[in-house]
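1. Build me a model:
(one chain, ligands or ions: 2)
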Amino acid sequence: MTIALLNVGKLPPALLARLGQTYALTTLADEADPAQFLADHAGRFTALVTSAAVGVSSALVERLPQLKVISSFGVGLDKMDVAHAQARGIAVGYTPDVLNDCVADIAFGLLIDVARGMGAADRFVRAGRWPQSVFPLGRKVSGARLGMVGMGRIGRTIAKRSQGFEMDVRYHTRTPLSGLPWQHEPALTELARWADFLVVITAGGAGTRHLVNSAVLDALGPDGFLINVARGSVVDETALIAALQTQRIAGAGLDVFADEPHVPQALMQLDNVVLLPHIASATRETRQAMADRVFDNLQAFFAEGRLLSAAPAP
Ligand code: NAP
Ligand code: 8YV
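-> Ligands and ions are numbered 1, 2, ... in the order given. Model (predicted):
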């Protein structure tokens, strides 16, 4: 019998087409009355797909009594209660590692852009201002101090990139890692005080909410830059806007925001900020690899009872 699969995420059309060829796929948002659909059919779904940005509520998981596996498109697990699902014996799959390179590339893209003012310089040229005025000097990237907030799979990839720029690296995590060439800094404010560039790449969720607050931003100081490719929730966005407006930090490169896809008007008005619409993993190659992992996780689960990439128990 074909396995019933419920989609509640925002997934690439090609992945949905592939899933639809193998599973009896229903996209909940396509139903005229999703609540009535669940009332009539919730009992038949053994599998669920979603995306990291959407996740799945525990209330929905509770409504699916036969659910055995969740396969999520992305590595962030902050939009679902993994412990709750696992306690019910539901396997949770995700797509780690395959996106490390692209997220690290964007972190560096943001860092260089905001330090050298590339986006602002592009606006300067397009506005026809070059013949009349001189674009302000930027901040040298090569050889600068890079403070990493988070040193997981993606953090380590970013730190490796920085070696090509001969940067001095230190990092802050809850647990120091052995075997790394970079110094651990137990106090985030001290890391910020030391760093020229502070790159945020921790997990999201309650445990890291507003980890980067006004005290951290003040420690980073008027010559320091903040890069966030983790989750908007990790940075106190109100404090960040205030620090940028009063030049208490030099600039920020942001791929993620507190209330996506809504970006505060105050950030849009600042020229020392680079704003991206959460695109760090968004290349054809990486999104294909993520889609393949979503599919392969499900296939492995139903063929062999295991996931290729299982979310760790929180
Ligand atoms: P990972 O390997 O699990 O690494 C997470 C890191 O965060 C670890 O170093 C962890 O160290 C640190 N951390 C967790 N809680 C912390 C805390 N309270 N204080 C300080 N450090 C903390 O995850 P990953 O694969 O590198 O991915 C990291 C995150 O990037 C994802 O969870 C996701 O939210 C985000 N992401 C964003 C995009 C994008 O498109 N912008 C794409 C992919 C991923 P300790 O546990 O020792 O503290
Ligand atoms: C994607 C991400 O934008 O993997 C993550 O955690 O934030 C990004 O790769 C996301 O998966 C799309 O939902």
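2. now stretch 294-306: mean pLDDT?
-> On average, the pLDDT along stretch 294-306 is 98.
3. Give me the buried positions along that stretch.
-> Across stretch 294-306, burial judged by 16 or more other CB atoms under 10 Å covers 294-298, 300-301. Every residue, glycine included, has its C-beta placed from N, CA and C.
4. Give me the subset of those lying in helices.
-> In helices, defined here by DSSP state H, the members of these are 294-298, 300-301.
5. Quickly name whichever of those is closest to ligand 2.
-> Among these, Val294 lies closest to ligand 2 (CB to the nearest ligand atom), at 9.9 Å.
6. Wait, the closest one touches Val49, no?
-> Yes - look at Val294 against Val49 with CB atoms under 8 Å: they come within range, at 6.2 Å.
7. Show me the common contact partners of these two, please.
-> Listed as contacting both Val294 and Val49 by CB atoms under 8 Å, 6 or more residues apart in numbering are 11, 71-73.
8. any idea which of the residues you listed has the most stuff around it?
-> Neighbour count (other CB atoms under 10 Å) singles out Ser72 as the most crowded of the shared contacts of Val294 and Val49, with 31 neighbours.
9. Which of the three states applies to it?
-> Following DSSP: H, G, I helix; E, B strand; the rest coil, we place Ser72 in the strand state.
10. What about whichever residue of the stretch 101-250 of the chain sits closest to ligand 2, how many residues nearby?
-> Using CB to the nearest ligand atom, Val103 is the residue of the stretch 101-250 of the chain that sits closest to ligand 2, at 7.1 Å. Val103 has 24 neighbouring residues, counting by other CB under 10 Å.
11. residues contacting the residue nearest to it when sequence neighbours are not counted?
-> Spatial nearest neighbour of Val103, chain neighbours left out: Ala280 (4.2 Å); criterion: CB to CB, 6 or more residues apart in numbering. Taking CB under 8 Å, 6+ apart, we find Ala280 in contact with 99, 102-103, 106-107, 229, 255.
12. try Gly76
-> Residues in contact with Gly76 (CB under 8 Å, 6+ apart) are 52-53, 203-204, 231.
13. Near ligand 1, list only the ones from these.
-> Filtering these for proximity to ligand 1 by CB under 6 Å from any ligand atom leaves 203-204, 231.
14. one step back: any chance of the ones in helices among the buried residues of stretch 294-306 in CSV, plus distance to ligand 1?
-> Output for these, formatted as CSV (distance: CB to the nearest ligand atom, whole Å):
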residue, distance to ligand 1
Val294, 14
Phe295, 19
Asp296, 18
Asn297, 16
Leu298, 20
Ala300, 20
Phe301, 21
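15. All the helices of the protein, in order from the start?
-> With DSSP H as the criterion, the chain has helices at 13-22, 34-41, 58-62, 82-87, 100-116, 118-126, 153-163, 188-194, 214-220, 237-245, 265-268, 284-304.
16. now the nearest residue to Ala282 once chain neighbours are set aside: how far from Pro176?
-> Among residues not flanking Ala282 along the chain, Cys102 sits closest, at 7.5 Å (CB to CB, 6+ apart). Going from Cys102 to Pro176 by CB to CB, to the nearest Å gives 27 Å.
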